[in-house]
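*Asks:* Here is the input, now give the coordinates:
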Amino acid sequence: MSVSDAEHPVDETSVNHSSNHSSSDEDALAELRNLLFGVEQRQLRQIQERLEDPKLRAEDLGKVLAEAVVLQTLQENEQLTEAMVPTIESAIQASVKKDLTVIADAIFPVIGPASRRAIATALEATLQSLNQALENSLTPQSFAWRLEALQTGKSFAEVVLLRTLLYRVEQVFLIHKETSLLLHHVAAPGVETLDADLVSAMLKAIQDFVRDSFNTSSGDSLDTLRFGELTIWIEQGPQAVLAGVIRGNAPYELRIVFQQAIEKIHQAQGKALADFQGNAAVFEASHADLEDCLRSRYRHKKQGNTAYAWAAMGVLLLALGIFGFFGFRARQRWATYLEQLKAEPGIVVIEAKRGWRKYFISGLRDPLAVDPDQLLQPVGINPQAVVSQWEPYLSFDSELAATRVKDLLKPPANVSLSLDEDGVLHMSGTAPRAWIAEAQQLAQFIPGVAQVEVSDLIETEVELESIQRQIEDQILQFQEGEAAIAPNQDESLQTLVEQIKRLTTLAAAFNQTVQVEAIGRANNNGSEAQKLALSQSRADAIVALLTSAGIEPESLTAQGIGTSNPLQNQSGISTVEINRSVSFKVSLTDEASSEISNP
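*Replies:* Presented below is the predicted three-dimensional model:
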């Protein structure tokens, strides 16, 4: 213990007593505060919780929002409307982006009737305008009306309506008498309308001006206004006024129609008129009564004018039909011509169009392709009406390429050429060796030919030698001691005829002539004179048979040699039989040398 502690000893009892006394005072003060401000504190905590809880605030706002909107509408407060427009527009846009069917389903019950009504109204106005225009389109007065239409900028039908009009109620206004506010408004089809509320206010202003500017009785009211061709009739009711805008001179009977309309409206909606506070939606029910006032009347024309107009219209429609028919037929013919051109190989159409009485076409054309002008007459198009421009080009079409090959190579009559789709040129038949070599070299430079195939092509010189050997190897046998050919030699004789004809054809390609000598023989039976005569007879018999088969007599000769130069045994035929025969010797001579030797 320190000195200071010794000098000032602490009384623990007093300290504890002081602490207990302070605690009891605070409890008492808290209890007093709770008695005095407990309710207010709980309310403040509740308010604080409500302000801090968005859900509770939203519930409170939802309870009073509808009443606030109704109150602002009755007070005609435009600020609320202007403030809500952006939010509503954004909500609609978001709904459309999310699901278009929601808006579509919502307006479906309304859009159908509205569309049908708009279409019916437009058709009614169009038919009325058309009927009036037809009735007056061919009368002398119509020319003056057409001039008026040009000067005023109006359509001819509109001028006809105005000039044949006796009267027409164009607009009808239902106005509240005490407030001069517009309750409802209707207008005739095709009539341009201004702001109906503005018209209502102007009528009120005019009536007040007349009443204030002139000495009028308190019960007097304005019932007629006239401005040019327009007249405004005003029918007064106890609580509402009906004002009709009339073009032309209306009869007095129309006044009765207006009076009956205002009476029906008061009878049906008298209470709504008396309780009117600015909401005009309830007066949509008066639409039928106001629309009944939209009446009109036109001058009636004689039936003759109408019949004349319809006859002229019929002639015009007939002329239009004929013109349309010929135009359609011309388009069909042009389309057919273009289709045929596009189907032709070697023709490429780049541009084709129809002008006034002329056709224009341009493109590419292979020189071997068909002439486009030749296709015009079959489809019924006058070639003089077509202006064409074709640029030359080489087509790779297989048909045209094959034609080009034949024109350039000029193959002999015994040669066949074919070009497949892959550009391979196939040659077959027989041709001179020089032509084959030249054709192979030239074909490589022909457009459309990629390869030349000559495996089926035989050189004419080789075939000439082969046929010559075949003829010289032929031996026709005869019967013993006779100049009649053996019965079994008919087939050999026919083969010989074909070989000689073939040889003659091939020799002509080389400007050569063929000379076939028939050599008759006999065996050792008989004298030498008899054997020589028999062999000559046999040779002459063969020449006669060949001539009758179509071989030229000039190319045949006959010589009998008897038993000289006998033939040796061949193919198992005895020497006696083989020398009882006719054999052949073939000679080929150039035509030029033949002509020199035989002038």
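*Asks:* Listing request: residues of the stretch 251-400 of the chain with sub-threshold pLDDT.
*Replies:* Within the stretch 251-400 of the chain, the stretches with pLDDT under 70 are 299-309.
*Asks:* Now do the strands in it.
*Replies:* 296-298, 347-354, 359-365, 386-392 (DSSP state E, counting those that start in this stretch).
*Asks:* would a markdown table of those with distance to Glu491 and mean neighbour count be doable?
*Replies:* Bear in mind the C-beta positions are built from the backbone N, C-alpha and C, glycine included. Formatted as a markdown table, the strands of the stretch 251-400 of the chain follow (distance: least, C-beta to C-beta, whole Å; neighbours: other C-beta atoms under 10 Å):
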| stretch | distance to Glu491 | mean neighbour count |
| --- | --- | --- |
| strand 296-298 | 109 | 16 |
| strand 347-354 | 55 | 14 |
| strand 359-365 | 56 | 18 |
| strand 386-392 | 57 | 13 |
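*Asks:* for those strands, which one sits closest to Ala30?
*Replies:* Ala30 sits nearest to strand 296-298 of all those, at 90.2 Å, using C-beta to C-beta.
*Asks:* Tell me which strands the closest one pairs with, and in which orientation.
*Replies:* In the sheet, strand 296-298 lines up against strand 165-176 (antiparallel) (DSSP bridges).
*Asks:* Just the CA atoms of the partner strand, as PDB, please.
*Replies:* C-alpha atoms of strand 165-176 as PDB (Å, rounded to 0.1, in the frame of the first residue of the first chain):
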ATOM      1  CA  LEU A 165     -74.100  18.600-104.900                       C
ATOM      2  CA  LEU A 166     -77.400  20.100-103.600                       C
ATOM      3  CA  TYR A 167     -76.300  19.800-100.000                       C
ATOM      4  CA  ARG A 168     -74.200  17.700 -97.700                       C
ATOM      5  CA  VAL A 169     -73.800  17.700 -93.900                       C
ATOM      6  CA  GLU A 170     -70.100  17.300 -93.500                       C
ATOM      7  CA  GLN A 171     -69.600  17.600 -89.700                       C
ATOM      8  CA  VAL A 172     -71.800  17.500 -86.600                       C
ATOM      9  CA  PHE A 173     -70.700  18.700 -83.200                       C
ATOM     10  CA  LEU A 174     -72.400  17.900 -79.800                       C
ATOM     11  CA  ILE A 175     -71.400  20.700 -77.400                       C
ATOM     12  CA  HIS A 176     -72.100  21.000 -73.700                       C
END
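*Asks:* buried residues in that strand?
*Replies:* In terms of neighbour count (16 or more other C-beta atoms under 10 Å), strand 165-176 has its buried residues at Leu165, Tyr167, Arg168, Val169, Glu170, Gln171, Val172, Phe173, Leu174, Ile175, His176.
*Asks:* Show me which of those is closest to Gln340.
*Replies:* Leu165 (59.6 Å).
*Asks:* and the least confident of the buried residues of strand 165-176?
*Replies:* Across those, the bottom pLDDT score, 66, is held by Leu165.
*Asks:* count of neighbours near Ile467?
*Replies:* 22 (other C-beta atoms under 10 Å).
*Asks:* Hmm, I typed the wrong one, I wanted Ala280.
*Replies:* 16.
*Asks:* and it, what is it in contact with?
*Replies:* Going by C-beta atoms under 8 Å, 6 or more residues apart in numbering, Ala280 touches Leu181, Leu182, Leu183, His184.
*Asks:* now the last one, what's its secondary structure?
*Replies:* Secondary structure of His184, reduced to three states by DSSP: H, G, I helix; E, B strand; the rest coil: strand.
*Asks:* And for it, the neighbour number?
*Replies:* By the criterion of other C-beta under 10 Å, His184 has 22 neighbours.
*Asks:* Narrow the contacts of Ala280 to those that are buried.
*Replies:* Leu182, Leu183, His184.
*Asks:* Quick check: closest non-adjacent residue to the first one.
*Replies:* By that I understand Leu182. Ser200 (4.1 Å; C-beta to C-beta, 6 or more residues apart in numbering).
*Asks:* Ok, Ile381 next?
*Replies:* Take Ile381 and drop its neighbours on the chain: the residue closest to it by C-beta to C-beta, 6+ apart is Arg333, 5.5 Å away.
*Asks:* thought that neighbour was touching Gly380?
*Replies:* Yes. Using C-beta atoms under 8 Å, Arg333 is in contact with Gly380, at 5.1 Å.
*Asks:* Please tell me how far Asn565 sits from Ala335.
*Replies:* In this view, Asn565 and Ala335 are 82 Å apart by C-beta to C-beta, to the nearest Å.
*Asks:* ok, back up a step: could you dump the strands of the stretch 251-400 of the chain into TSV and include distance to Thr231?
*Replies:* Formatted as TSV, the strands of the stretch 251-400 of the chain follow (distance: least, C-beta to C-beta, whole Å):
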stretch	distance to Thr231
strand 296-298	14
strand 347-354	56
strand 359-365	61
strand 386-392	65
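*Asks:* circling back: can you tell me which of the contacts of Ala280 is nearest Thr224?
*Replies:* Closest to Thr224 out of those is Leu182 (20.1 Å), distances taken as C-beta to C-beta.
*Asks:* Can you give me every residue that contacts the closest one?
*Replies:* Phe173, Leu174, Ile175, His176, Ala196, Asp197, Val199, Ser200, Ala280.
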